[in-house]
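> what would the 3D arrangement of this be:
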Amino acid sequence: MGAVLGDVLGFAAAVAISPLPIIALILVLATPRGSLNGVVFTVGWVLGLSALGAVMLAVASPSGASTHNHPATWVGALKLALGLLLVFFGARQWHRRPRDPSQAQLPKWMGAIDNLAPVKLFGLGLALAALNAKNAPLTIAAAATIGSAGLPVGQQIASLAIFVVIATLGLLVPLGVFLLGGEKAKATLGNWKDWAAQHNVAVMAVLFFVLGLKLLGDGIGILTS
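Numbering: from 1, shown residues only. As a prediction, the model looks like this:
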C-alpha cells in the first residue's frame, strides 16, 4: 500500500493545486453566505473525486486490472492514453498562456457564482472534480494505479480516501483561512486569488506535461514488460 500511495501522491498534489477550483472557492467564500456555500462547494468536490475514483476501482476490480500483482495490459494502455491526453493539454495550455500574466482572464462562468444557490454550488464543486477535463484524467490515473496494485479491497478504499484528502487540501486551506482567519482572511484570500488567476495557465501546463510524461512512461513500462 505504501508503494501505491507513493505513486498516486503526485496525481493528488496536482489536483490539489489546480488553480481554477481554488479561485472558484475563494469567489464562493465572498458570497453573502460564504461559510455555508464554501462548505457545500467543498463537499461537492469531495464527493465528485470519491465517486469518480470509486467507479474506476469498480471497473478495475472485476476487469482483472492486476495479474499476479502486475498491472494488466489494459491498464498500461489506459495510462498511455491518459499520458498522451495530459501532454496534449499541457502543450496547449503553454501555447495559450498570456505573455503578460497581469492580462490573464478568468472563465466567464465564474462571474455567475454570486447568483448560484447552494445546490448549484454543490453541483459546481462536483463537476470541477469529476467532470473537469483536466482533473478527471488525474483521478482516473490514480484510481487505475490503486486498482492495478493487487491490494485487498479495504486497502484500495483506504488508498483512494487518502488520495481524495490530499487532492482536497487546495480547497481545505483557503476554507480554513476563511473560517478561522477573521477580517485578515479576506485580504489574504484576495491575494491568493489574484496570483492563481495570473499563473493558472502556466502552472497547469507544467503539471500536465510532467505528469503526462510520467504516465507515458508507466504505460510503456506495463505494455513492454
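> residues near Met110, how many?
Per other Cβ atoms under 10 Å, the neighbour tally for Met110 reads 16. (Glycine included, C-beta is placed from N, CA and C.)
> now do the contacts for Arg33.
Applying Cβ atoms under 8 Å, 6 or more residues apart in numbering, we find Arg33 in contact with Pro118.
> and for the residue most central in space within the chain, nearest residue in space, chain neighbours not counted?
Most central in the chain under Cα atoms, centre = their mean is Val15, positioned 2.7 Å from the mean C-alpha point. Nearest non-adjacent residue to Val15, counting by Cβ to Cβ, 6 or more residues apart in numbering: Ala167, 3.9 Å away.
> checking Pro32 next. Helix, strand or coil?
Here Pro32 is coil, with the state taken from DSSP: H, G, I helix; E, B strand; the rest coil.
> still on that earlier bit, per-residue pLDDT of the residue nearest to the centre of the chain, please?
We have a pLDDT of 90 for Val15.
> for Leu128, list the residues it contacts.
Leu20, Pro21, Ala24, Trp45, Gly48, Asn135.
> most neighbours, which of those residues?
Trp45 (29 neighbours).
> quick check, it in a helix?
Yes. Judged by three-state DSSP, Trp45 forms part of a helix.
> not counting sequence-adjacent ones, nearest residue to it?
For Trp45, ignoring the flanking residues on the chain, the nearest one in space by Cβ to Cβ, 6+ apart is Gly125 at 4.0 Å.
> ditto for Phe122
Per Cβ to Cβ, 6+ apart, closest to Phe122 is Gly44, 4.0 Å.
> doesn't Leu131 make contact with that neighbour?
No. Gly44 lies out of contact with Leu131 (Cβ atoms under 8 Å); the separation is 11.2 Å.
> out of these two, which sits in the more crowded spot?
With neighbours defined as other Cβ under 10 Å, Gly44 and Leu131 compare such that Gly44 has more, 23 against 12.
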